[in-house]
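**Student:** below are the sequence and a predicted model for it; my questions follow.
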Amino acid sequence: MTATATPADQRGGPLLRVQGLQVHFPIKRGIVVDRTVGHVRAVDGVDLSIDRGTTYGLVGESGCGKSTLGRAILRLVEPTAGSVLFDGTDVAALKGEPLRKMRRRMQMVFQDPLGSLDPRQNVESLLSEPLRAHGLDGGAAGIAAHIRSLLDAVGLPTAALRRYPHEFSGGQRQRIGIARAIALEPDLLIADEPVSALDVSVQAQVVNLLEELQERLGLTYLVIAHDLAVVRHISDVVGVMYLGSLVEQAPADDLYEEPLHPYTRALMSAVPVPDPVVEAGRERILLAGDLPSPANPPSGCRFHTRCPWRQETRCDDEAPVLRELAPGRFVSCHWAEEIRDGVLRPKAPEEVAATQGVHVAPTGVGPVETDALVQGIDQPVERT
C-alpha cells in the first residue's frame, strides 16, 4: 500500500458534508397504468459532516434509513433532493465519467460479506478487477504486488488468492471485502453493518483491523451499525437516526454519558448494565407503540407518538430542527433543555398510548425495539 496516514495535527475540516439529503421511493398503484400515490420517505432532510481522518458512527432502529443514507452518499441510490459535498465537489450533481472517477475515492464495505462477493470469481480476480476498471493495473507484476500487499494489510495469506468466497469463513470474507474497498486507496470508507453478521470474537478482530487501517492509511469512516458497543469503541462522533432524520449528534463519549434526545435516552436505557445492583436500581424508559411508517410519518416531531416527554404544545404540529445546545452537541427536540435539567418528567407508556388511542398492556410494551442495539454498551471491544 502506498498511501500514508495523515498526521493528527494536519487533520481537520470536513471531507464530507451532507446537506438536506432526501431519498423518497415512489409508491405506485394501477393495473394498466402505474400512478404514484405516495412516497416512502426513507431519508428525509439529513444534514451531517465528517472531518478528515475521523469516524462518524450512525445508529438507529431497523428501517430508520441508515443504510439508504450510506448508499445515497455513494450514489448507489439516487437522492431525491439535497447535496453531497465530497472534498468540495457535489457528488449528487455528477454524471458519467466524473462520477466514475469520484467513486474511486469513496468505497463501501457491505453488511453481508458473502452476498457482496461474486461467487464465480476467486480472490485474485476480485481484488484485481477494481484496479483494471480504474486503469491502475501497472502490468501483471504491478497488480500481483499490489494484491499481495492488500492481503497482508487485512491479515490473509497469499495462498488465499486462488480460493473462492465460499471457501472462507465469515470473518475472512469480510476481510476480503475490506481489502477490495481499500484497493483503490480511497479517502472515505462507508462500512454498512460491517460486523453484524459475524461472531463476537471475530467482530473484535474486524473492528481492530478497521482502526489499524485508518491509522495507517489516513481513512475517513462512516460506520453504520446496530451494536452500540462497536459504535462507541470506534467512533469520534455519533449520530442517531429516527424515521429518516437525525435526532441527535454528539461526540461519542458525551452522547453515551448524557444523551439529550428522548429517543436516544430510551435507547441507552434499554442497554443492560453488567452489574446486578446497578441494573436493579436504574430507570428504564419504555416506549409505547411501534415505529411509524415512513410512507406516512407523523406531523410535527416524528417521535411524538412514542415520546414519554410529549407536551401538548409544539410537539404535534411543529417539526423541531437539529440545533446546537453545546459545542458539538446537536439535538432535534423542542424541550431538550427542560428534559436535561429534569424540569419535565417522562410519562408511563400507558399514558403516552392513551393520548394516541393505542392500547398498551399494563406491564408496558417493553423497551424500544433496538435489534442488536442492546449489546454490551459498557463492555469494550477487546483486541485479539
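**Tutor:** Received it, and whenever you're ready, just let me know what you need.
**Student:** in the stretch 1-150 of the chain, which spans are helices?
**Tutor:** Here the stretch 1-150 of the chain has its helices, by DSSP state H, counting those that start in this stretch, at 66-73, 96-103, 123-133, 139-153.
**Student:** so what touches the first one?
**Tutor:** Spelled out, it's helix 66-73. 16, 18, 21, 23, 42-43, 46, 58-60, 77-79, 84, 91, 106, 108, 111, 190, 192-193, 222, 224, 241 (Cβ atoms under 8 Å, 6 or more residues apart in numbering). The way it works is simple: take the backbone N, C-alpha and C, and place the C-beta from them, glycine included.
**Student:** tell me the gap between that helix and the middle of its chain.
**Tutor:** 8 Å (Cα atoms, centre = their mean, to the nearest Å).
**Student:** so for it, what's the average pLDDT?
**Tutor:** Averaged over helix 66-73, pLDDT sits at 95.
**Student:** how about the last one?
**Tutor:** On average, the pLDDT along helix 139-153 is 89.
**Student:** could you do the second one as well?
**Tutor:** Looking at helix 96-103 alone, the average pLDDT works out to 91.
**Student:** quick one, that helix and helix 123-133 angle?
**Tutor:** Per axes from the mean of the first three to the mean of the last three Cα atoms, to 10 degrees, the angle that helix 96-103 makes with helix 123-133 is 130 degrees.
**Student:** could you shift the numbering so residue one becomes 182, and keep it that way?
**Tutor:** That works, and once the first residue is 182, the last one we named lands at helix 277-284.
**Student:** picking that back up, for the helices of the stretch 182-331 of the chain, which one ends up most surrounded?
**Tutor:** helix 247-254 (a mean of 24; mean count of other Cβ atoms under 10 Å).
**Student:** which strand residues bridge the residue nearest the centre of the chain?
**Tutor:** Residue closest to the mean C-alpha point of the chain, counted by Cα atoms, centre = their mean, is residue 405 at 2.2 Å. Using DSSP bridges, the bridge partners assigned to residue 405 are residue 239, residue 373.
**Student:** against residue 250, how distant is it?
**Tutor:** According to Cβ to Cβ, to the nearest Å, residue 405 stands 8 Å off from residue 250.
**Student:** what residues are shared contacts of the two?
**Tutor:** With Cβ under 8 Å, 6+ apart, residue 405 and residue 250 have common neighbours residue 239.
**Student:** surely residue 378 meets residue 351?
**Tutor:** Yes. Counting by Cβ atoms under 8 Å, residue 351 is a contact partner of residue 378 at 6.1 Å.
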